[in-house]
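J.: Quick one, structure for this:
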Amino acid sequence: MTEPAKVIKTGHTHRTAPGELALVHAFLNTWHADGPRERLDSPERMRDWLAKRSLLPPGTRVSRKEYEAVRRLRDALRAATAAGGSATGQRGHEELNALVRNAPLFVSFDPSGTPRLVPGGCGLPAAVARIMAAIVAGEAEGNWSRLKVCRNPECQRVFFDTSKNHSAIWCSSQFCGNRMAARAYRARSA
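T.: Prediction:
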């Protein structure tokens, strides 16, 4: 089932990624160019963002080191998203692995016998593990590669590509697409 489009205050219409991948979609958009650039601008704001999504108990202490590691993870995942869902080269692959090394994931079977990855432990490592489990679920559903970074350098919002052939390059053809086409036309005309 496809989720309804949401209208963000900029006028852009965005379709949220389906299922568990919606969490990853929201995580990747904690930084974007059209609005406050950084929603995770302090350990406390990161804790609040994670607590609001039931990934961390309210009031949990997030150390500066943990905070910086989660932001590096988000940035590495944004880079992978911009590269079509894959780590950007050997260095990107190694960085992602290092950042998620302490995020414990286990296989658990639901009452119907369906296996799922679930986070183990508690605190920030478990929150990161839940985000990683959502990526694995999105990949299994064929949707991870449909998360893309808008090619408008002034936007760079992560969007869920709903095009039939998975070829969308802008979060909105009405806004970012038209702006980029107009800029290209002006550059050719100059």
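J.: packing partners for the helix or strand Leu96 falls within?
T.: Taking DSSP states H and E as the definition, one finds Leu96 inside helix 89-100. For helix 89-100, the helices and strands in contact under the criterion 3 or more C-beta pairs under 8 Å, 6 or more residues apart in numbering; DSSP states H and E are helix 64-82, helix 123-140. Placement of C-beta: from N, CA and C, glycine included.
J.: Serialize the ones you listed to TSV and add fields for mean neighbour count, mean pLDDT and distance to Pro43.
T.: Shown next, in TSV, are those (neighbours: other C-beta atoms under 10 Å; pLDDT from 0 to 100; distance: least, C-beta to C-beta, whole Å):
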stretch	mean neighbour count	mean pLDDT	distance to Pro43
helix 64-82	18	93	4
helix 123-140	20	95	10
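J.: Which one, of the ones you listed, ends up nearest to Phe159?
T.: helix 64-82 (9.8 Å; C-beta to C-beta).
J.: outside of the closest one, which residues touch it?
T.: The list of residues contacting helix 64-82 from outside it, by C-beta atoms under 8 Å, 6 or more residues apart in numbering, reads 24, 27-28, 30-31, 40, 42-43, 46, 62, 86-88, 92, 95-96, 99-100, 124, 128, 135, 147-149, 158.
J.: do the same with stretch 114-129
T.: Counting contacts by C-beta under 8 Å, 6+ apart, the residues outside stretch 114-129 that touch it are 50, 55-56, 60, 62, 66, 70, 73, 100, 102-110, 130, 132-133, 136-137.
J.: Check stretch 38-52 too.
T.: By C-beta under 8 Å, 6+ apart, the list of residues contacting stretch 38-52 reads 30-31, 56-64, 66-67, 70-71, 74, 124, 127.
J.: roughly how far out does it sit from the chain middle?
T.: Here the centre of stretch 38-52 is set off from its chain's centre by 15 Å, with C-alpha atoms, centre = their mean, to the nearest Å.
J.: Would you mark the buried spots in that stretch?
T.: Going by neighbour count (16 or more other C-beta atoms under 10 Å), the buried part of stretch 38-52 is Arg39, Leu40, Pro43, Met46, Arg47, Asp48, Trp49, Leu50.
J.: any low-confidence regions in the protein?
T.: Under the criterion of pLDDT under 70, the regions of the chain flagged as low confidence span 1-14, 32-36, 85-90, 173-175, 177-190.
J.: can you give me the helices for it?
T.: In order along the chain, the chain carries the following helices (DSSP state H): 21-28, 43-52, 64-82, 89-100, 123-140, 178-189.
J.: export these to a markdown table and tack on distance to Ile169?
T.: What follows is the helices of the chain, written out as a markdown table (distance: least, C-beta to C-beta, whole Å):
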| stretch | distance to Ile169 |
| --- | --- |
| helix 21-28 | 16 |
| helix 43-52 | 28 |
| helix 64-82 | 11 |
| helix 89-100 | 21 |
| helix 123-140 | 20 |
| helix 178-189 | 9 |
